[in-house]
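Engineer: quick one: sequence plus predicted model below, questions after.
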Amino acid sequence: MSIQERFLNNYKPLIAIPVIITLIAVFIIAGHGLEQGIDLKGGSKVVIQLETPVSAAELKSIIGNGINNNQVDVVSISNNQANVEITGEVDVVKLTNILGGTGVILSFQSIGALLGAQAVTQVYYALAFAFLFMAITVFIVFRNFVPSMAVILAALCDIIIAVGGMSVFGIPLSVASVGALLMLIGYSVDTDILLTTRVLKRREGTINERAIDAMKTGLTMAAAAIGSMITLYVVTVLFIPYALTLSEIASVLIIGLVADVVATWLMNLGILRWYMEARR
C-alpha cells in the first residue's frame, strides 16, 4: 500500500488538524490583535534622501525627539534613502527643520485618521463581499451542500490562518496585505474546486485513484506558488528593501498557501471522502 493510499484510508483524524490550527489562529488574533498600516490608521509616509550616513536607530531617534506623541518607524534604509512611517499628524516644514543636515525629504504622503477609518471599513466590506460572492459561485457550480461547504470552510480556514500569521509575524493590515488576502481567496477556491471536481464528478477509477490524481496536480501547483512567493520575498528583502508592498504581499501569500495545503488536502479531501462513503 502506497503512502497516498495509507493517508487516504486514515483521513478522518486528519480533518481535525486544520480545524485546530484555525482555532489557534482565532485565539492569537483575539489576544494579540492585528496591527494596521499607515494607510489604514492614518499617519505619514516619508522618503528621505540621507546626506550623512546614519543608522535606522539614529534616524528614528532624531525624528522621534523632535516630534512629540508620535510613533516613528524607520522601515528601511537603502542607497542612502530612508522610508519612514510616522503615526499621527506631522507638519512637513517642521520635519524638514528636525532633519536639518541629516537628510532632505524627497516625498511626503499624509493620510488623515478619518480617511484611514473609511479605508478600514472599505477593506472589511471588500473581504466580506469577495467571500460572499465566492460562496454563491461555489454553490451554483456544485449544487450540493456538503461539497460546497467543504470548499467554503477550506477557504475560510486559509484566510483565518493567514491573518493569524500576520498577527504573529507583525505584518500590518494594509492595502497590500488585503490584496494578498483577496488573491488567497481565489487561489484557495481554485485548488478546492480542482479536488472536488475530480473526486465528485469524474467516474473513471476509484475514489482513492481520483483523489491521488488531484493531489499530485494540486501539490505541484502549491509547491510552484510557494516557491515563487519565497523567491519574491527574499529578493525584495535583500535587494529591494524599499519595495514594502511586494514583501508584504509575498509574506501573506506564503502563510496562506501553506495553510491552503493543510486545509485542502486534510480537511476538504477528508470531508469529501466521508461524504462519498456515506452516500454509497
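Structural biologist: On my side now, so go ahead. Residues are numbered from 1 along each chain as shown.
Engineer: can you count the residues close to the residue nearest to I152 when sequence neighbours are not counted?
Structural biologist: Nearest residue to I152 in three dimensions, chain neighbours excluded: A135, at 5.0 Å (C-beta to C-beta, 6 or more residues apart in numbering). Glycine gets a C-beta too; all of them are placed from N, C-alpha and C. A135 is flanked by 17 other residues according to other C-beta atoms under 10 Å.
Engineer: ok, G37 next?
Structural biologist: G37 has 22 neighbours, counted by other C-beta under 10 Å.
Engineer: if I look at it, how far off is I249?
Structural biologist: Noted for G37: a distance of 12 Å to I249, by C-beta to C-beta, to the nearest Å.
Engineer: got any residues that touch both of these two?
Structural biologist: Common neighbours of G37 and I249 are listed as A176, S177 (criterion: C-beta atoms under 8 Å, 6 or more residues apart in numbering).
Engineer: what segments of the stretch 51-200 of the chain are helices?
Structural biologist: All helices of the stretch 51-200 of the chain, identified by DSSP state H, counting those that start in this stretch, fall at 56-66, 92-99, 113-142, 145-169, 175-196.
Engineer: mind checking the pLDDT average for the first one?
Structural biologist: So that's helix 56-66. Helix 56-66 shows a mean pLDDT of 84.
Engineer: how far does it sit from its chain's centre?
Structural biologist: 31 Å (C-alpha atoms, centre = their mean, to the nearest Å).
Engineer: not counting that helix itself, show me its contacts.
Structural biologist: Identification of contacts with helix 56-66 by C-beta under 8 Å, 6+ apart yields 48, 50, 54, 70, 72-74, 76-77, 82, 84, 86, 94-95, 97-99, 102-103.
Engineer: restricted to buried residues, select the residues you listed in PyMOL.
Structural biologist: In PyMOL syntax, the buried subset of these is picked out as below (16 or more other C-beta atoms under 10 Å):
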select buried, resi 48+50+54+72+74+76+77+82+84+86+95+98+99+102+103
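Engineer: looking at the contacts of helix 56-66, which are in strands?
Structural biologist: Residues of the contacts of helix 56-66 located in strands (DSSP state E): I48, L50, V72, D73, V74, S76, I77, A82, V84, I86, G103.
Engineer: done for today, thanks.
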